[in-house]
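K.L.:
Mind looking at a prediction? Sequence and model below.
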Amino acid sequence: MEMIKNRARIEMSSMSENIGFARIAAATFAAQLNFTLAEIEEIKVAVSEAVSNCIIHGYENRPDGTIVLNMTIEDGKLKIEVEDFGVGIEDIEAAMQPSFTTSEERMGLGLVFINSFMNEMEIISTPGEGTLVRMVKIPEKSE
């Protein structure tokens, strides 16, 4: 059985005001591992992109949705899950393409940033039920 060193779960409303909170919470939690400042910045960007996607796409900017941020440190790795219970993603493969977006004023780079900044990323989504983004970051010095 794996030893879990630490874990945290935060539930928040789907409001843009909570993006900064999620970033700081993830950065503070990640600081328990031997990440560089640059890696902490990458984690903050990945989390803010994932939470932003929940708000903008999952809940279509409705503030009454719930976003769950789960963070775990185990085996020297930071595992982060960002989950919403919104509209879901019809085509995950298309959503992963640079510049793919469902709204014209967006750049469509959020998932691209997450994928490039984290060591692992997985998206699980069911249309009409929501989306879960799983991310793993390993401190560079431990690779």
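P.N.:
Sure, I can see it. If you're wondering where the values come from, they're calculated on a predicted model, not measured in any experiment.

K.L.:
report the longest helix in this protein, please.
P.N.:
The longest helix of the chain (DSSP state H) is helix 37-53.

K.L.:
T66: how many residues sit nearby?
P.N.:
Close neighbours of T66, defined as other Cβ atoms under 10 Å, add up to 15. (Each C-beta comes from the backbone N, C-alpha and C, glycine too.)

K.L.:
Dihedrals phi and psi, it?
P.N.:
Torsion angles at T66 (phi, psi; degrees, to the nearest 10) stand at phi -120, psi 130.

K.L.:
The nearest residue to A50 once chain neighbours are set aside in helix, strand or coil?
P.N.:
Of all residues not flanking A50 in the chain, V82 sits nearest, at 3.9 Å (Cβ to Cβ, 6 or more residues apart in numbering). Three-state call for V82 (DSSP: H, G, I helix; E, B strand; the rest coil): strand.

K.L.:
Now do the same contact list for V82.
P.N.:
Contacts for V82 (Cβ atoms under 8 Å, 6 or more residues apart in numbering) come out as 22, 47, 50-51, 54, 67-69, 132-133, 135.

K.L.:
The residues you listed into JSON lines, with extra columns for pLDDT?
P.N.:
Formatted as JSON lines, the contacts of V82 follow (pLDDT from 0 to 100):
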{"residue": "A22", "pLDDT": "98"}
{"residue": "V47", "pLDDT": "98"}
{"residue": "A50", "pLDDT": "96"}
{"residue": "V51", "pLDDT": "97"}
{"residue": "C54", "pLDDT": "96"}
{"residue": "I67", "pLDDT": "99"}
{"residue": "V68", "pLDDT": "99"}
{"residue": "L69", "pLDDT": "99"}
{"residue": "L132", "pLDDT": "97"}
{"residue": "V133", "pLDDT": "96"}
{"residue": "M135", "pLDDT": "98"}
